[in-house]
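>>> coordinates for the following, if possible.
(one chain, ligands or ions: 1)
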Amino acid sequence: MVNKNKVIINTDVEKGTINKNIYGHFSEHLGRCVYEGFWVGEDSNIPHTNGIRNDVVEALKKIDIPVLRWPGGCFADEYHWKDGVGPRENRKRMVNTNWGGVVENNHFGTHEFMMLCDMLETEPYICGNVGSGTVQEMSEWVEYMTFDGESPMANWRKENGREDAWKLKYFGVGNENWGCGGNMRPEYYADLYRRYQTYVKNFGDNKVYKIAGGANVDDYNWTEVLMREAAQYMDGYSIHYYTVPGDFWEGKGFALDSSESEWFMTLKKALHMDELITKHSKIMDKYDPEKRIGMIVDEWGTWFEVEPGTNPGFLYQQNTIRDALVAGLHFHIFHDHSDRVQMANIAQTVNVLQAMILTEGEKMILTPTYHVFEMFKVHQDATKLDIHVEAENYTLNGEELPAVSASASRDKNGKLNISLCNLNHKEESTVKLQLRGLADKVGSVTGRVLTADETNAHNTFENPENVKPQSFENFTVENDELTVTLPAMSVAVLTIG
Ligand code: AHR
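Predicted structure coming up:
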C-alpha cells in the first residue's frame, strides 16, 4: 500500500502560544458531578479535606487543570449565590429543576468552590445568573468575592470565615441565554449583557475578564448580533457544541455502543467543531480584527444517552476509547485556532457527560478521556509549530474522514511534542513525519500511546486499568524523518529532545 499519511512540521516556524486554558474544565450542579464527585461533606467516611474528596483532587492535580467553570450550565441561571454562603445547616434548600428535580441543599457554594480551586491550583471561572437573577445580585457576588475593604458584601464574606478577598479573573454573564438561560432573542440578551456587565466591577487590582454568553452550535446570527451590539464590553465570547452521534432528541446513541457506524459518526461530528469555530471566528473577525476577544468554548464533549438504569436527569455516561479520540481531535482543532480560542472547558469533570473521573461510593476510576488530558498537558502554554497534514481517507459506507490528525508544539525546555490520532477503527496508520528546520539532528524520541482492541473499550470499577497509556516505540528515525506506525484507534504523543 502506498503510504499517504505525511506530516510536515516546520520546527522553525512558530504559530503563537497554545493557551493552557484550552485544557479547562466545567463542573455543574448536575447529577453526581459536584455532590459525590467533589463534595462528600465533612461527615463522610470517604477520605476528604474539609468535605472535598482527596482521591479526585489528587487525580485531577496530575492533569494540571488550568481553569474550572462553575456552577453551570443551565443551573447558573437558576442559582442564587446568597443561598450558598454562611453556616451550612442554615442554607436554603432549592429544587434543581433542570437536572432531575432533586433537592439542592446549597452545601457547596462560593467558599467551597474557591477552596476546591485552591486545592486544584486552578483558576476559578464563575458563571453568573442573568436568566432569573438581578443586576444587583450579580454585582454583589463580585463584590463579595473580590472587594478587599469595608463594604456590606466584603464584611459578610469576613463574617463567613474568609478574611481576604479572592482573586477572580473569569466571569460569565449568563449561560445559554438563547435556551435554559431565559429563551432570549440575541438583541434582547445583547442589551442585558451590556447592562449586567456594567456592574461587574474591578475592585482593587482584581481585573475581571468578562465572558458573554454565545451561540448555540451554528447560530451565526447570535454571534453577529452580539458582536455588533456588545463587542466593546466583552473580553470573551462563548460557544457550545456537543458531539452527539445520533439525533439529540430522537436518540443520541450510547457510550458503550460498539458499532463501526457509531464510531465513524461520532468522529465525524467531533470534527465539525472545526467548521463551527472557523465560521464564528469569521464573524468575530469582522468586529474584532485584532482578535482582542477570546472565543471561549466553555462546553464541549460527547453527549450520549445516560447509562441504562441511571437517573435520566443526571447525564451519567461511560467513557471509551472513542471519547479519547474525540478529546484528541478537539485539542488539535483548538490548537489550530489558538489565535482566537483562548479557553475551552470540557463538560463535565466528574460523573457527568464526557467525564475524566467516574465514582461509585468510595471507588474512583480514570477514564480514557482523563488519559488524553494527561498525555496532552505538554502542549499547555507551549509554542505551536507550523504543521501540514496530508492524510489518507478513512472510509465507511461511502463517507470519508482523514485517517490521521496531528499537532506539534515546543515546550519551554525546548522539547518538541507531537500528538497524533489514528481515527481508523480497524487499521493501523503509518505516518511519515518530516521535521524541517531543526538546528540539530533528531535527538532522543520517546512515546506513549492510548489504544484498545474494541471500539467500546473502557475502564470499570472491576477493571480500572483496561484502557491506559502504554509506552510506544513503533517508530524509526532517519535524518529528519520519523516513520510512525499508529495502532488502529489510537492517540499517541511523541517527545523529541
Ligand atoms: O452540560 C450540560 C448542559 O448542557 C448545560 O447545563 C447547558 O449549558 C448545556 O445545554
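
>>> now the lengthiest helix in the chain: average pLDDT?
Longest helix of the chain, by residue count under DSSP state H: helix 260-287. Here helix 260-287 scores 98 as its mean pLDDT.

>>> please apply the same query to stretch 466-484.
Stretch 466-484 shows a mean pLDDT of 95.

>>> same check, this time on stretch 312-322
For stretch 312-322, mean pLDDT is 98.

>>> what do you get for stretch 409-418?
96.

>>> and that stretch, end to end?
From its first residue to its last, stretch 409-418 covers 7 Å (Cα to Cα, to the nearest Å).

>>> return the set of buried residues in that stretch.
409-411, 415-418 (16 or more other Cβ atoms under 10 Å). Placement of C-beta: from N, CA and C, glycine included.

>>> one step back: and the longest helix of the chain, what does it pack against?
Applying 3 or more Cβ pairs under 8 Å, 6 or more residues apart in numbering; DSSP states H and E, we find helix 260-287 packed against helix 220-230, strand 236-243, strand 294-302, helix 321-336, strand 393-396, strand 399-402.

>>> need the ones you listed in CSV with mean neighbour count and distance to residue 129, can you?
CSV is the format used below for those (neighbours: other Cβ atoms under 10 Å; distance: least, Cβ to Cβ, whole Å):
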stretch, mean neighbour count, distance to residue 129
helix 220-230, 19, 18
strand 236-243, 24, 15
strand 294-302, 26, 16
helix 321-336, 26, 28
strand 393-396, 15, 44
strand 399-402, 16, 40
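
>>> can I get the ones you listed in CSV with distance to the ligand?
Converted to CSV, these look like this (distance: least, Cβ to the nearest ligand atom, whole Å):
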stretch, distance to the ligand
helix 220-230, 14
strand 236-243, 6
strand 294-302, 5
helix 321-336, 15
strand 393-396, 29
strand 399-402, 26
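
>>> so which of those gets nearest residue 480?
helix 321-336 (22.0 Å; Cβ to Cβ).

>>> dump the closest one to PDB, restricted to CA.
The C-alpha trace of helix 321-336 is given here as PDB (Å, rounded to 0.1, in the frame of the first residue of the first chain):
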ATOM      1  CA  ILE A 321     -11.500   4.900  23.600                       C
ATOM      2  CA  ARG A 322     -14.000   6.600  21.200                       C
ATOM      3  CA  ASP A 323     -14.200   9.500  23.800                       C
ATOM      4  CA  ALA A 324     -10.400   9.600  23.900                       C
ATOM      5  CA  LEU A 325     -10.300  10.200  20.100                       C
ATOM      6  CA  VAL A 326     -12.900  12.900  20.400                       C
ATOM      7  CA  ALA A 327     -10.800  14.600  23.000                       C
ATOM      8  CA  GLY A 328      -7.600  14.400  20.900                       C
ATOM      9  CA  LEU A 329      -9.400  15.700  17.800                       C
ATOM     10  CA  HIS A 330     -10.800  18.600  19.800                       C
ATOM     11  CA  PHE A 331      -7.400  19.600  21.200                       C
ATOM     12  CA  HIS A 332      -5.900  19.600  17.700                       C
ATOM     13  CA  ILE A 333      -8.800  21.800  16.400                       C
ATOM     14  CA  PHE A 334      -8.400  24.200  19.300                       C
ATOM     15  CA  HIS A 335      -4.600  24.300  18.700                       C
ATOM     16  CA  ASP A 336      -5.300  25.200  15.000                       C
END
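
>>> other SSEs contacting it?
If you count contacts as 3+ Cβ pairs under 8 Å, 6+ apart, helix 321-336 packs onto helix 260-287, strand 294-302, strand 341-347, helix 368-376, strand 404-410, strand 416-422, strand 445-451, strand 490-496.

>>> mind putting these into JSON lines with distance to residue 435?
Below are the helices and strands packed on helix 321-336 laid out as JSON lines (distance: least, Cβ to Cβ, whole Å):
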{"stretch": "helix 260-287", "distance to residue 435": "24"}
{"stretch": "strand 294-302", "distance to residue 435": "30"}
{"stretch": "strand 341-347", "distance to residue 435": "26"}
{"stretch": "helix 368-376", "distance to residue 435": "19"}
{"stretch": "strand 404-410", "distance to residue 435": "9"}
{"stretch": "strand 416-422", "distance to residue 435": "7"}
{"stretch": "strand 445-451", "distance to residue 435": "10"}
{"stretch": "strand 490-496", "distance to residue 435": "7"}
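
>>> now the longest helix of the chain: buried residues?
Buried residues in helix 260-287 (16+ other Cβ under 10 Å): 262-271, 273-274, 276-277, 280-281, 283-284, 287.

>>> pLDDT score for the residue of the chain found nearest the ligand?
Going by Cβ to the nearest ligand atom, the ligand is nearest to residue 73 of the chain, at 2.7 Å. Per-residue pLDDT puts residue 73 at 97.
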